[in-house]
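One predicted model, sequence on top.
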Amino acid sequence: MKKRDQEEMMAKMREIALQNPENIRIIETSVDANVQIEFFETLQRLADIDEEYNIEALFSELNCEETALDRKKDILATLTSLGEVESFRLLEDYLKIANDEIKTWAFLACQQGRMFLESKLLEESKIYIASGLGGSDYKLRYIFAFASVNEDFSESQKGVVKGEIEYFLKKDDGEIENVNFLNKYVICTALVPLYVDLVELIQQIVEEINQYGSFLRENVFLTNEKMVNVVELNEIFDK
């Protein structure tokens, strides 16, 4: 997807989330983003196939040790898309016995299958959003990191940083899950409403904190794909 298309899509989702947050559902998962993309691309590919399925036959094939891995993935995606009580129960049963090779897919299938079933039973149309760090309701989970211009934060600086992060996030209906000071970095995990322009929010936080002595570097690390550690931050900020 082109950057312009991504920006337009995000702007549209922000508009929907602002006006009708109940129509947004963030998928709560820590599954690698690339695995999620592969799963949803498979769902989309199979959605274009108009075919009647025998649910029991699909489940039998799924449980067969000789069935190829790619075929098992297709079966899981198919059972997911059916949105039936029977297919969802079978997905739940399979998740309990799935081996490591396919367990992540079984987890995603079960999770997404529950959402499809809920939408069908409640006759509601929802937008489902997946990211590497997941989220809750209409809020995405992000990790962002600030770096001190010095080797470490003083106790007073830590108080300022934490206080301003809490203030700005709370103002925009965000939720702090964790704030850690590690060497010259502060790493924050937070839930932020989809309608919030997070880049603008982060800029406001940095500008406000730096009014107390310009002790933060202007560069900021931000992701909703995976956890981050000090070694990775050293490499990122050094560049």
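Sure thing, it's come through.

Just the strands from the protein, written as ranges.
Ranges of strands in the chain, per DSSP state E, are 24-26, 127-129, 135-136, 139-148, 175-182, 185-193, 216-223.

quick check: mean pLDDT across the shortest one?
Strand 135-136 shows a mean pLDDT of 81.

now for it, which elements pack on it?
Using 3 or more CB pairs under 8 Å, 6 or more residues apart in numbering; DSSP states H and E as the contact test, no helix or strand touches strand 135-136. From N, CA and C alone the C-beta is placed, and that goes for glycine too.

still on that earlier bit, out of the strands of the chain, which is closest to residue 81?
strand 127-129 (12.6 Å; CB to CB).

Against residue 92, how distant is residue 152?
Distance, residue 152 to residue 92, using CB to CB, to the nearest Å: 49 Å.

what bridges to the nearest residue to residue 210 once chain neighbours are set aside?
Distances taken as CB to CB, 6 or more residues apart in numbering place residue 216 nearest to residue 210, at 5.4 Å, with adjacent residues excluded. For residue 216, the beta-bridge partners under DSSP bridges are residue 148.

count of neighbours near residue 216?
22 (other CB atoms under 10 Å).

low-scoring pLDDT stretches of this protein, where are they?
1-14, 16-30, 33, 48-50, 122-130 (pLDDT under 70).

Farthest from the middle of it: give me that residue.
residue 213 (34.6 Å; CA atoms, centre = their mean).

For the residue nearest to that one when sequence neighbours are not counted, give me its contacts.
In space, and not counting its chain neighbours, residue 213 is closest to residue 157: 7.5 Å by CB to CB, 6+ apart. Residues near residue 157 by CB atoms under 8 Å, 6 or more residues apart in numbering: 148, 212-213, 215.

List only buried entries from those residues.
148, 215 (16 or more other CB atoms under 10 Å).

can I get the contacts of residue 157 in TSV with distance to residue 96?
Formatted as TSV, the contacts of residue 157 follow (distance: CB to CB, whole Å):
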residue	distance to residue 96
148	47
212	53
213	55
215	52
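
Greatest separation within the contacts of residue 157: which pair is it?
For those, and using CB to CB, no pair is farther apart than 148 and 212, which are 12.4 Å apart.

thinking again about what came up before, out of the contacts of residue 157, who's nearest residue 191?
With CB to CB as the yardstick, the closest approach to residue 191 among the contacts of residue 157 comes from residue 148, at 25.0 Å.

how near is residue 192 to residue 144?
9 Å.

Identify the contacts common to those two.
By CB under 8 Å, 6+ apart, the residues touching both residue 192 and residue 144 are residue 198.

list the contacts for residue 141?
Contacts of residue 141 (CB under 8 Å, 6+ apart): 26, 131, 133-135, 177, 189-191, 224.

change it to 6 Å
Residue 141 is in contact with 133-135, 191, counting by CB atoms under 6 Å, 6 or more residues apart in numbering.

who's it bridged to?
residue 191.

Just give me the longest helix of the chain.
helix 100-122 (DSSP state H).

buried set for it?
102, 104-113, 115-117.

Residue 203: neighbour count?
The burial count for residue 203: 13, using other CB under 10 Å.

Tell me the spacing between it and residue 188.
15 Å.

okay, now the domains of this protein?
28-129, 139-238 (automatic domain parsing).

For the longest one, what is the distance to the chain centroid?
So the one you mean is domain 28-129. What separates the centre of domain 28-129 from the centre of its chain is 18 Å, taken as CA atoms, centre = their mean, to the nearest Å.

Surely residue 39 touches residue 108?
Yes. Proximity of residue 39 to residue 108 meets the contact threshold set by CB atoms under 6 Å, at 4.8 Å.

Since that was my last question, I'll sign off now.
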